[in-house]
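A.B. asks: no sequence on this one, just coordinates:
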């Protein structure tokens with residue numbers, strides 16, 4: 001574990017209560033769950049699959065995937081995020097298993113999963129090329145990597161609407177190759193270089209429309225998100 005990752009973990013642990021409250025807000029929760037269920041159902045083969053959700057955060061994607069009938073394990077390094085994810089998972093019959101674990105080097109045997117997923121991880125992922133290569137190792141033949149993200153900070157984190165300065169300092173930023181990506185094609189290229197086939201980036205217009213309707217998180221900008229998928 002690196003000092004860079006320690007600073008990232010501390011940031012997200014501090015943000016976890018407010019982040020979770022935003023995800024759970026009642027005026028949008030039901031339609032969000034429905035929209036994300038459709039996103040993940042379109043990206044993955046039918047349930048039941050063994051799915052690893054890396055950088056699971058508060059467990060939003062893991063919960064949705066479990067609701068689709070998949071057997072889900074969610075891992076994260078932020079204790080604050082893990083606490084919220086465990087709370088939600090415990091309240092759900094057949095909910096995901098939530099565990100402490102590093103998205104860059106998940107500690108599971110080869111060929112343990114049918115799919116590896118993430119939501120809003122790639123931009124803040126150290127060593128993404130190493131990470132995706134490790135995810136591919138965890139896949140069974142024909143398995144899927146599916147990641148959701150956007151080009152959140154194309155003008156640099158110095159111009160980010162949210163104040164990252166205390167944790168996302170220059171050392172942290174230099175370790176995150178996709179933090180300032182100007183195109184989702186940069187994420188596509190990471191998956192392709194890891195040897196995945198049929199890599200595609202699909203714009204999530206349904207999520208964009210919900211963001212237009214309900215608004216985005218405070219101090220955030222409206223952005224088109226994508227789901228990038230590839231097959232082993």
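C.D. replies: Okay, I see it. Fair warning: this is a prediction, and the values are worked out from it, not measured in the lab. Numbering: from 1, shown residues only.
A.B. asks: and the longest helix that the chain contains, what does it pack onto?
C.D. replies: In the chain, taking DSSP state H as the definition, the longest helix is helix 3-23. In terms of contacts (3 or more CB pairs under 8 Å, 6 or more residues apart in numbering; DSSP states H and E), helix 3-23 is packed against helix 79-90, helix 170-174. Any C-beta I mention is one placed from the backbone N, CA and C, and that applies to glycine too.
A.B. asks: tell me which of those helices lies nearest to residue 214.
C.D. replies: helix 79-90 (20.2 Å; CB to CB).
A.B. asks: and the strands in the chain?
C.D. replies: Per DSSP state E, the chain carries strands over the ranges 50-54, 71-76, 97-100, 113-119, 139-149, 197-203, 226-231.
A.B. asks: tabulate these (CSV), appending mean neighbour count, distance to residue 178 and mean pLDDT.
C.D. replies: Formatted as CSV, these follow (neighbours: other CB atoms under 10 Å; distance: least, CB to CB, whole Å; pLDDT from 0 to 100):
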stretch, mean neighbour count, distance to residue 178, mean pLDDT
strand 50-54, 26, 14, 98
strand 71-76, 25, 18, 98
strand 97-100, 16, 23, 98
strand 113-119, 26, 12, 98
strand 139-149, 21, 8, 98
strand 197-203, 14, 13, 98
strand 226-231, 22, 11, 98
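A.B. asks: got those strands as a markdown table, with distance to residue 60 columns?
C.D. replies: What follows is these, written out as a markdown table (distance: least, CB to CB, whole Å):
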| stretch | distance to residue 60 |
| --- | --- |
| strand 50-54 | 9 |
| strand 71-76 | 10 |
| strand 97-100 | 12 |
| strand 113-119 | 7 |
| strand 139-149 | 10 |
| strand 197-203 | 19 |
| strand 226-231 | 14 |
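A.B. asks: what about these, which gets the closest to residue 212?
C.D. replies: Using CB to CB, the nearest of the strands of the chain to residue 212 is strand 197-203, at 13.8 Å.
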